[in-house]
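[1] Pasting the sequence and the predicted model now:
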Amino acid sequence: MKVKVFFCECGGNISENLDLKALKKELTSSGTEVFQHPFLCSPEGQAFFEARILPGEGVLVGACSPHLHGSIFKELAEKRRAQAFHLVALREEAAWLGKKGAYRRAIGLLKGALMALSYYRAPVLKKFPVTEGLLVVGGGIAGLSAALKAAEKGLPVYLVEREPFFGGKAVFLDRLYPRLECASCLVSPRLSALIQQENLHLFPLTHILEVKGRPGAYEVTLEEKPRYVDSERCHGCGDCLRVCPVNPPAITMDPPHPVPRIPIIHAARCLHFRGESCSRCKEVCARKAIRFEETPRLHRLRVGGIIVATGFRPYPVEKIPYYGYKRLPGVITLWDLERMFTRQENIYGFNGESPRRVAVIHCVGSRDRRHLPYCSEICCGLALKAGILLRERFSAEVYHFYLDLRLKTPEGEGLLRRAKEKGVRFIRGQVAEISEVPLNPEDEGRLTLLAEDTLGAGQRAWAVDLVILVPGFVPETGSEEVASLLRLCTDQFGFFSPREEKTAPVETLRKGIWIAGAASGPKDLSESVLSGEAAALEALLFLKNTSFRTETDWIEWEEQRCGRCWLCVEVCPFKALHIDLDRLKVEETLCCGCGLCASACPSGALRMKPFPREAQLQSLEVLFGET
């Protein structure tokens, strides 16, 4: 089989650190035809690439990561009926490692790939039917946006939310960054549309128990926890809320705009469930909607695809004791403040009075190796918004303690100027301690805040009435369980990993499963909406087809050589292997051909069919010989 090699200069990313002309000369000296283009992924580059491939030839591309544009080159090669295709990531595996030794690394990778291609056997393309149904996991703003967009286009959509009400954290926002417009005006219409959309089926208080099947035909088992209120009978009058003798009440309808508009009874607080004879809520309900006897219910769905929109949560700042959260009155988080604004609650300082001086502490736990070693990106803007609102509503002195201000968009900079014009002050430095011990006798009834001022007078102390802690964000509780059930990859911090951050930000390595919103990392509200609608579009493109094609027949199992250690089953990240009566079975639609199982097998019983062991060994010999 004749193999043609194509180099992409990658706009200088490859060509500036790697002598492509010398590579071309060395490969052509052995009879290989080599082509070079400045931007092989551009429309002109793709036309250049496609025009030079003949049926039955092999194609080797030296460019950037296959996760970025590999699918484009592969589809073009298949269109021209190429017999074999392989891509070497010259940018990541040679050029970006520095000029020193780059040439030897590149020639070793290329010659090794050429050797492997001589053994290549193409995977088998198979068609599989697709079920027209979509499961959306997470009822926050990203999940709402995805579910509504897909339902509008005619897909049956099942929206699952583990909390009693839909809307996520967005329903507790008062104003939106950076224009300070009403948050409810954006969120409420979407919540109303949930109820009116016929194709949308809502499952509050529900989590996933089990997922079986393959892309295009997933079988999902859900468990819905009891609400103890009949959703068919209740019309949300609120009479039951007013008679509960417990403080805080055992029956609540918490968000300002609850969907569904049905209360929930919290069994842990309810006197009835604690063995007492109280049934006041049941007695006052004219529609007989209270159901103390309710039990968990199971739902079984068959869907073609799944969107994961599990969101994020604030980092638990009680893990940082020197800030005094939950220990000192007058120390609250930004999210506590948002809820107070939304519910129009009174806000009091350390002394129980309206605050006259407020400290807003940025990056609580963020950019700290002991807690969160990363920046959550959106916190600075949210903190700035809160500072302006406190200044306007209380005429309080507001001090921002920050490490660096990282504001998105030109409007963010405009909001910073607005804050400074209103007299909000900014101290660059880290807060060391918050104490109830007053600085001076006249500061009795105030908190003492010790911090450094790196642009001013060094270490200083401030007397303040209210402290707002602005934490970073971590994956929502339960994300790890969802990742395990759906066999999805996560990053080192627990956020879901997209297939490729730049070109496929809502796709995963699993066909038929997409991610949306802050499930893949902290995002503001507008970014979450965009991400949710993008995931819905990808789902529509997949589910509106009656079938899909995928490559299969990647792995060959030699039963006689197998020692039954089943290490292969343990290492497979996609759970494509399972044991059936002492025999290894491969789920064709789940296997991605990564080869981890074959490399882990101690007895050599697993072989990669496209690149058998002989090809791998010889290509490694070539690689190590060159490098």
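    On my side now, so go ahead.

[2] C-alpha from now on. contacts and neighbour counts both.
    OK.

[3] Okay, now the unreliable bits of the chain?
    Counting by pLDDT under 70, the chain contains low-confidence residues at 626-627.

[4] okay, now the domains of it?
    Domain ranges of the chain: 3-122, 134-225+296-310+476-543, 316-474, 553-609, per automatic domain parsing.

[5] out of these, deepest packed?
    Among the domains of the chain, domain 134-225+296-310+476-543 has the highest mean neighbour count (mean count of other Cα atoms under 10 Å), at a mean of 20.

[6] neighbouring contacts of the helix or strand containing Val220?
    Using DSSP states H and E, Val220 falls within strand 217-224. Strand 217-224 is touched from outside by 129-131, 203-213, 296-305, with contacts defined as Cα atoms under 8 Å, 6 or more residues apart in numbering.

[7] now do stretch 283-295
    225-231, 233-234, 239-240, 243, 281-282.

[8] Only the buried subset of those residues, as a PyMOL command please.
    Restricted to buried positions by 16 or more other Cα atoms under 10 Å, the PyMOL selection for the contacts of stretch 283-295 reads:
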select buried, resi 225+226+227+228+229+230+234+240+243+281+282
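
[9] And the contacts of stretch 283-295, which is closest to Val569?
    Val569 lies nearest to Lys225 out of these, by Cα to Cα, at 33.1 Å.

[10] can you give me the helices for the stretch 251-400 of the chain?
    According to DSSP state H, counting those that start in this stretch, the stretch 251-400 of the chain carries its helices in the segments 280-284, 334-343, 379-394.

[11] that older thread, mind giving me a markdown table with the domains of the chain and columns for distance to Met253?
    Formatted as a markdown table, the domains of the chain follow (distance: least, Cα to Cα, whole Å):
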| stretch | distance to Met253 |
| --- | --- |
| domain 3-122 | 46 |
| domain 134-225+296-310+476-543 | 9 |
| domain 316-474 | 12 |
| domain 553-609 | 40 |
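
[12] The residue of the chain positioned farthest from its centre and Ala463, how far apart?
    Within the chain, the residue lying farthest from the chain centre (Cα atoms, centre = their mean) is Pro441, at 50.0 Å. Remark: distance between Pro441 and Ala463 (Cα to Cα, to the nearest Å) = 11 Å.

[13] same deal with Leu68?
    53 Å.

[14] Also Gly138?
    Using Cα to Cα, Gly138 is found at 42 Å from Ala463.

[15] next one: stretch 482-490 to chain centre, how far?
    Relative to the centre of its chain, stretch 482-490 is centred 11 Å away, using Cα atoms, centre = their mean, to the nearest Å.

[16] Verify the contact between Leu54 and Arg80 for me.
    Yes: if you go by Cα atoms under 8 Å, Leu54 and Arg80 touch, sitting 6.4 Å apart.

[17] Count the residues that sit near Arg261.
    Using other Cα atoms under 10 Å, Arg261 is surrounded by 17 other residues.

[18] Can you tell me the closest non-neighbouring residue to it?
    Nearest non-adjacent residue to Arg261, counting by Cα to Cα, 6 or more residues apart in numbering: Gly236, 5.4 Å away.

[19] now swap in Ala598 and tell me
    Once chain neighbours are set aside, the closest to Ala598 by Cα to Cα, 6+ apart is Leu606, at 4.9 Å.

[20] hang on, isn't that neighbour packed against Ile555?
    Yes: counting by Cα under 8 Å, Leu606 does reach Ile555; the two are 6.7 Å apart.

[21] how about the strands of the stretch 351-500 of the chain, start to end?
    Shown for the stretch 351-500 of the chain, the strands assigned by DSSP state E, counting those that start in this stretch span residues 357-364, 397-402, 425-428, 431-435, 447-453, 458-464, 466-471, 473-475.

[22] Tell me which of these sits nearest to Leu485.
    strand 473-475 (16.1 Å).

[23] hmm, back to that, which of the contacts of stretch 283-295 fall within strands?
    Using DSSP state E, no member of those sits in strands.

[24] Could you identify the most distant pair in the contacts of stretch 283-295?
    Lys225 and Val243 (23.9 Å).

[25] a markdown table for the contacts of stretch 283-295, including distance to Gly445?
    Below are those laid out as a markdown table (distance: Cα to Cα, whole Å):
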| residue | distance to Gly445 |
| --- | --- |
| Lys225 | 45 |
| Pro226 | 45 |
| Arg227 | 43 |
| Tyr228 | 45 |
| Val229 | 45 |
| Asp230 | 49 |
| Ser231 | 48 |
| Arg233 | 51 |
| Cys234 | 47 |
| Asp239 | 40 |
| Cys240 | 40 |
| Val243 | 37 |
| Cys281 | 41 |
| Lys282 | 45 |
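
[26] quick one: which of the contacts of stretch 283-295 sit in helices?
    281-282 (DSSP state H).

[27] For Leu159, state which of the contacts of stretch 283-295 is nearest.
    Distance to Leu159 across the contacts of stretch 283-295 (Cα to Cα) is lowest for Lys225, with 15.1 Å.

[28] How about the contacts made by that closest one?
    Contacts for Lys225 (Cα under 8 Å, 6+ apart) come out as 205-206, 295-297.

[29] ok, now Tyr323?
    331, 433-434.

[30] same thing with Val3?
    With Cα under 8 Å, 6+ apart, Val3 has these contacts: 32-33, 57-60, 114.

[31] Chain neighbours aside, what residue packs nearest to it?
    Excluding the flanking residues, the one nearest Val3 by Cα to Cα, 6+ apart is Gly58, at 4.2 Å.

[32] Name the residues linked to the one you found by a beta bridge.
    Val3, Ala84 (DSSP bridges).

[33] where's it relative to Pro612, distance?
    Taken as Cα to Cα, the span from Gly58 to Pro612 is 17 Å.
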